[in-house]
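Student: Curious how this folds, go ahead:
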Amino acid sequence: TTVLILCRTPETPEPGARRETPRCINANVDKAIEDEKLGVIINCIVDLKAGALATAIVHNEAGERGIPLERGAAELLVQRVGHNIAALLNDLDKCALRAGAGNPVTRHIVQEMTRIAPHESIYDVMDAIGQKRAAHAVALMREILEGGEAPERFLATLTGHIRQLLQARAVLDARLPLDASLSTRIAPQMAEQFPRDSRDSLLSMVNQSWRVSKLGAQARNFSMPQLQNALEALLQTDLAMKGIEGDGGADTRQQPALLMELLIVKLCG
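Tutor: Next comes the predicted model:
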């Protein structure tokens, strides 16, 4: 008589599921659900390259629920929230409540009621940094922070992304392919230098062609020394936020957003 639903969020530690099994909480839960027939795992995330599908789902669900949408509202919702269908429909309901029964959900309401997803927008931030567009990169970062993301969390997201770019740059410099064949063609000595944690290791992403392609394109905008300097700048920003090092001491601990802006400008320099 009881249904227990376990919902995996981006903050959940990386699961240990089999490659062919949809992502769940961890390997033990996967085994209990799939092997022991105690339940079913449903993947509610649409691939990042299938934005049109996510938008179509929002339009369809809005129609089913009698929620009128202003032109472009569904596309903006997907752009800000990401491709997790459960999160999209949850925010669609919030926007509908804000608009009021029978009133259309406008783009303004979507901007007011949703948070931009940092793991979705990190590519836009890095594109702006790679193009030396400091003002645009800072504006994107401000929007993420104003949406409620803590500067410390965004710093961690940015650090993980630059670590992945560093690996992609190393692969490009070694004239190796950034595709599924990488895991069999990379030299063991080089593979040993990659992170052991699968969340940060490029080798665990080679079957995600859209993601590896994006990382490769961004890595071409940076040299290896630039990415190494970026990691050093990230470390110094982290220490300054904690008041361990930096110019401001206790004052800078109270201004993490300012430290992030200074970091973005430094990365664009």
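Student: can you tell me the average pLDDT over the host helix or strand of Lys214?
Tutor: Using DSSP states H and E, Lys214 falls within helix 209-219. Across helix 209-219, pLDDT averages out at 80.
Student: buried residues in the helix or strand just after that helix?
Tutor: Sequence-wise, the next helix or strand downstream of helix 209-219 (DSSP H and E) is helix 224-241. By neighbour count, and taking 16 or more other C-beta atoms under 10 Å as the criterion, the buried residues in helix 224-241 are 226-227, 230, 233-234, 236-238, 240-241. For glycine as for every other residue, the C-beta is placed from the backbone atoms N, C-alpha and C.
Student: pretty sure Arg185 contacts Pro177?
Tutor: Yes - checked against C-beta atoms under 8 Å, the pair Arg185 and Pro177 is within contact range at 6.8 Å.
Student: These two: which is more packed in?
Tutor: Just comparing Arg185 and Pro177: by other C-beta atoms under 10 Å the higher neighbour count belongs to Pro177, 14 against 11.
Student: Secondary structure class of that one, three-state.
Tutor: Put simply, Pro177 is coil when judged by DSSP: H, G, I helix; E, B strand; the rest coil.
Student: if I pick it, what's in contact with it?
Tutor: With contact set as C-beta atoms under 8 Å, 6 or more residues apart in numbering, Pro177 has these partners: Arg185.
Student: just the helices in the stretch 51-200 of the chain please.
Tutor: Along the stretch 51-200 of the chain, counting by DSSP state H, counting those that start in this stretch, helices occupy 51-65, 73-81, 85-99, 107-113, 118-130, 134-146, 151-173, 182-185, 188-191.
Student: Out of those, the one nearest Ile5 is which?
Tutor: Distances from Ile5 to each of the helices of the stretch 51-200 of the chain were compared using C-beta to C-beta; the minimum, 9.8 Å, belongs to helix 85-99.
Student: For that closest one, which residues meet the burial criterion?
Tutor: By neighbour count on 16+ other C-beta under 10 Å, the buried set for helix 85-99 is 85, 87-89, 91-92, 94-96, 99.
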